[in-house]
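Asker: Output the structure for:
(chains A and B)
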Amino acid sequence: MTLGLVVVYGILRLINFAYGELVMVAGYGLLLFGNTQLAWPLVALLSILSAVIAAVIMERVAFRPVRFGSANTMLITSFAVSTLLQNVTLLAISPRPQAVRLPAFFVESVTVGNLRLRIVDIASIIVSVLALVILTVLVRRTTIGIALRAADDFTMTRLLGVRANLLISVAFAISGLLAGIVAIFWVGRSSLVEPSVGLQPVLIAFIAAVVGGMENLKQCWAATCSASCGWACRRGCRRRCWTTATRCCSAS
Amino acid sequence: MSGRGSARRSPLAQIAITSVILSALLIVITLLTDGFGDRVLVRVVTVMLVNVALTVALQMFMGNSGLSSFGHVAFMAIGAYSSLWFTLTPQEKSRTLPDMPETWIMHGWHTDFLPASVAGGRRGGGGGGAAGHRTGAPARRLLHHRHLRAADRGAHHRAELGPDDARQPHGVRHPGSDDAVDRAGRGGAGGDRGAALPRIAGGPAAARRAGRRGRGGQYRHPHRVGALGAWVASIFITGAAGALWAHFITTFSPQAFYIGETFIIVAMLIIGGSGSVSGAVIGAVLVSLSSEWLRRLEGWLNQHRSDGTIIGQIIPIELRGFAEIVIAIAMIIILIKRPAGLTGGREIGLDGFWGRARRVKGQKGVEPGVG
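Answerer: This next block holds a predicted model:
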């Protein structure tokens, strides 16, 4: 999640409070598409796609009109968008948590020595590391990544011929993609989705983004792990260390 | 719409006129509500008046510093819990907060409603004010930094969460509502180790110092002048408003001081206009009254929907959170079309609105205080 926050922050200087709602959209996507006869990989794909679409629409409808406003204006807009999406979900679906249909491997586990590891936890760690690597490669090696990095000086970037609207939409799409991936693991842990499902991970992500610095992907990733561990410890270490580690990776 | 009469008056006279007009507006609303005799409306207007205090306090910081704060409700919680601590008798403290050691500060001391309610400033607000003063220095260091909002939100979250058993509701002693303590006592069996401790020292003094410093804050460079003073004064008023709110509601839990309350207060300020006190007051009045009207409309629609009328065919689902949706949409529209809010960052006067708001480059609207 922190990576998604950082991508948008890097280009718009926006700390997107509505980012948790992208997780919620993908979570309800899992609910909606999961109740059809579609194969689960397709359900996951469509859910991630729904978060991507929601992120792009969010940018187009709410953030683009205030793009040249102050950082405060964008920040408060994101807060309003977050509240709006949560309440629309409350109104249109239900305030109660809804059970999501998940494939069997989400509850299966493997035993390594004395450790009993859930497959979804292992997948969570692998996907988190992969997301970091792919995003780093994207930002460092591709044209769009270079444009995203250069967007720190947005006026200059536009003068150099980069299409601003496309660039910002891509940044939001990437953050939506990451939020969708997070949703699969976050919702997959409890098999429940509710309007406030994105609140907790996004809070961890905020703290981590501030601690790790908004400019550096790797530091953010490391800080998220630390913040999540601290979070888990604050909850009284009721969960095992392994579960904590996987939670860190989801938040990252 | 800056009137010629306003331009001729001294700034002090203009401020006095603005204060009188805004006070008169609130007094008229209160008297009218009292005259109607609708008890629900009286409660709504009482909460509205607390919201006015909260919004003005938030404006004091946001308008002077140009930064957003989503953590003010944490100080409202400190004010509320401070007033809880001071108004409960030692016996009630032992019953309501059984895990609280009897050796803790002021455990054997309590005050009645009247002294506790003197603006909540000496007691509840004192806690918030002192805490605000302590957080003021780091806040001032952060004023040039964009991450203030996130840091503030972190503080807010710490205050909200505390130990798990602090989530239980707590009662405040209030005339004619002694049962509130009993209700809280039954609900709060888990104790209250996490309740905010009262911090009296430095509250009023800090506020007086804040008054001297804070006056210079408005319309000067947002990042330098009066930031600490504005912060402390703002937190002091927020704490006092929290104390008043606590004495009115009488039973509450830390969950009351979280995202929902933050959203409402920020929405009031944004809709009214963060650049002026008039904007804060007008926004608080508008949003409070329209929220109540929307909730009544929601209830009416839901009732007629279930009665099998045509409304049921038009609205197939039960309405929930209707007021919040409308307020959020209004907030987004205001931010897009008129970022300085309805008042445009100007104060109300005899000839309409006075004062000049700075136009932000590249925007159609105006946004004072934001550089």
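Asker: Now do the SS call for the residue most central in space within chain A.
Answerer: Closest to where the C-alpha atoms of chain A average out (C-alpha atoms, centre = their mean) is A:A179, at 2.5 Å. When classified by DSSP: H, G, I helix; E, B strand; the rest coil, A:A179 comes out as helix.
Asker: The one 10 residues further on now?
Answerer: Here A:R189 takes the helix state, with states given by three-state DSSP.
Asker: mind checking how far B:I325 is from B:V44?
Answerer: Using C-beta to C-beta, to the nearest Å, B:I325 is found at 19 Å from B:V44. All C-beta spots, glycine's among them, are computed from the backbone N, C-alpha and C.
Asker: Could I get the phi/psi values of the residue nearest to the residue nearest to the centre of chain A when sequence neighbours are not counted?
Answerer: Nearest non-adjacent residue to A:A179, counting by C-beta to C-beta, 6 or more residues apart in numbering or on different chains: A:L22, 3.6 Å away. For A:L22, the backbone dihedrals (degrees, to the nearest 10) come out as phi -70, psi -40.
Asker: Would you check how far apart A:L22 and A:V139 are?
Answerer: From A:L22 to A:V139 the distance is 20 Å (C-beta to C-beta).
Asker: quick one: which of these two has more around it?
Answerer: A:L22 (31 against 19; other C-beta atoms under 10 Å in any protein chain shown).
Asker: That one reaches A:G180, doesn't it?
Answerer: Yes: between A:L22 and A:G180 there is a contact under C-beta atoms under 8 Å: 7.2 Å.
Asker: Mutual contacts of the two, please.
Answerer: A:A51 (C-beta atoms under 8 Å, 6 or more residues apart in numbering or on different chains).
Asker: any weak-confidence spans in the stretch 151-252 of chain A?
Answerer: Counting by pLDDT under 70, the stretch 151-252 of chain A shows low-confidence ranges at A:152, A:214-252.
Asker: how about A:S190, what does it touch?
Answerer: Residues counted as contacts of A:S190 (C-beta under 8 Å, 6+ apart): none.
Asker: For it, give its distance to A:F106.
Answerer: As judged by C-beta to C-beta, A:S190 and A:F106 stand 10 Å apart.
Asker: any weak-confidence spans in chain B?
Answerer: Counting by pLDDT under 70, chain B has low-confidence residues at B:1-8, B:105-108, B:112-226, B:353-371.
Asker: for it, what's the longest helix?
Answerer: Using DSSP state H to define each element, chain B has its longest helix at helix B:277-306.
Asker: Show me what it packs onto, helices and strands only.
Answerer: Other elements packing on helix B:277-306 under the criterion 3 or more C-beta pairs under 8 Å, 6 or more residues apart in numbering or on different chains; DSSP states H and E are helix B:11-36, helix B:39-65, helix B:259-272, helix B:310-314, helix B:322-337, strand B:347-349.
Asker: And the ones you listed: which comes nearest chain A?
Answerer: Nearest to chain A among the helices and strands packed on helix B:277-306 is helix B:322-337; the distance by C-beta to the nearest C-beta comes to 3.7 Å.
Asker: who's in contact with the closest one?
Answerer: Residues outside helix B:322-337 that contact it (C-beta under 8 Å, 6+ apart): A:62, A:65-66, A:69, A:73, A:76-77, A:80-81, A:83-84, A:87-88, A:91, B:260, B:263-264, B:267, B:270-271, B:287, B:290-291, B:294-295, B:297-298, B:341-342, B:364-365.
Asker: Can you mark which positions in it are buried?
Answerer: For helix B:322-337, the neighbour count (16 or more other C-beta atoms under 10 Å in any protein chain shown) marks B:322-328, B:330-332, B:334-336 as buried.
Asker: That one versus helix B:259-272: what angle between them?
Answerer: Calculated by axes from the mean of the first three to the mean of the last three C-alpha atoms, to 10 degrees, helix B:322-337 forms an angle of 40 degrees with helix B:259-272.
Asker: List the residues that contact A:I181.
Answerer: If you count contacts by C-beta under 8 Å, 6+ apart, A:I181 has them with A:48, A:127, A:131.
Asker: I'd guessed the second one sits against A:F185; true?
Answerer: Yes: the criterion here is C-beta under 8 Å, and A:V127 meets it with A:F185 at 7.1 Å.
Asker: which one of those two has more residues nearby?
Answerer: With neighbours defined as other C-beta under 10 Å, A:V127 and A:F185 compare such that A:F185 has more, 22 against 17.
Asker: before we move on, what SS does the more buried one have?
Answerer: Strictly by three-state DSSP, A:F185 counts as helix.
Asker: what about it, distance to A:N114?
Answerer: According to C-beta to C-beta, A:F185 stands 24 Å off from A:N114.
Asker: What about A:S191, how many residues nearby?
Answerer: 15.
Asker: Which of the residues in stretch A:67-82 are classified as buried?
Answerer: Using 16+ other C-beta under 10 Å as the test for burial, stretch A:67-82 gives A:67, A:69-82.
Asker: meant to ask about stretch A:144-151, not that
Answerer: Those would be A:145, A:147-148, A:151, for stretch A:144-151 by 16+ other C-beta under 10 Å.
Asker: same question, stretch B:37-51
Answerer: Applying a neighbour-count criterion of 16+ other C-beta under 10 Å, one finds B:41, B:44-51 buried in stretch B:37-51.
Asker: With stretch A:106-124 instead?
Answerer: Within stretch A:106-124, the residues scored as buried using 16+ other C-beta under 10 Å are A:106, A:117-118, A:120-124.
Asker: Of those, which is the nearest to A:Q200?
Answerer: When the buried residues of stretch A:106-124 are ranked by distance to A:Q200 (C-beta to C-beta), A:S124 comes first, at 15.4 Å.
Asker: What average pLDDT does the strand or helix carrying that closest one get?
Answerer: A:S124 is located in helix A:119-141, with elements delineated by DSSP states H and E. The pLDDT scores in helix A:119-141 average 87.
Asker: That helix - contacts with which helices or strands?
Answerer: Packing contacts for helix A:119-141, counted by 3+ C-beta pairs under 8 Å, 6+ apart, involve helix A:2-12, strand A:109-112, helix A:143-150, helix A:164-190, helix A:217-234, helix A:241-251.
Asker: so does the helix or strand hosting A:V52 get close to chain B?
Answerer: Taking DSSP H and E as the definition, A:V52 sits inside helix A:40-58. No: applying C-beta under 8 Å from any C-beta of the partner chain, one finds helix A:40-58 separated from chain B by no less than 10.9 Å.
Asker: which of the buried residues of stretch A:67-82 come close to chain B?
Answerer: Among the buried residues of stretch A:67-82, the residues lying close to chain B (C-beta under 8 Å from any C-beta) are A:69-73, A:75-77, A:79-81.
Asker: what two of those residues are the furthest from one another?
Answerer: Farthest-apart pair in those is A:S70 and A:V81; separation 16.7 Å (C-beta to C-beta).
Asker: host element of the residue of the stretch 101-250 of chain A found nearest chain B?
Answerer: Proximity of the stretch 101-250 of chain A to chain B (C-beta to the nearest C-beta) peaks at A:V210, 4.7 Å away. Element membership for A:V210, per DSSP H and E: helix A:199-212.
Asker: For that helix, list every residue counted as buried.
Answerer: A:199, A:201-212.
Asker: closest to B:T33 among these?
Answerer: Out of the buried residues of helix A:199-212, the member with the shortest distance to B:T33 (by C-beta to C-beta) is A:L199, at 35.5 Å.
Asker: mind listing what the closest one touches?
Answerer: Counting by C-beta under 8 Å, 6+ apart, A:L199 makes contact with A:20, B:259.
Asker: Just read off the phi/psi values of the residue nearest to A:N165 when sequence neighbours are not counted.
Answerer: Residue nearest to A:N165 in three dimensions, not counting chain neighbours: A:R64, with 7.4 Å by C-beta to C-beta, 6+ apart. Taking degrees, to the nearest 10, you get phi -60, psi -40 for the backbone angles of A:R64.
Asker: same thing with the one 10 residues further on?
Answerer: Here the main-chain torsion angles of A:M74 (degrees, to the nearest 10) amount to phi -70, psi -40.
Asker: With that, I have no additional questions.
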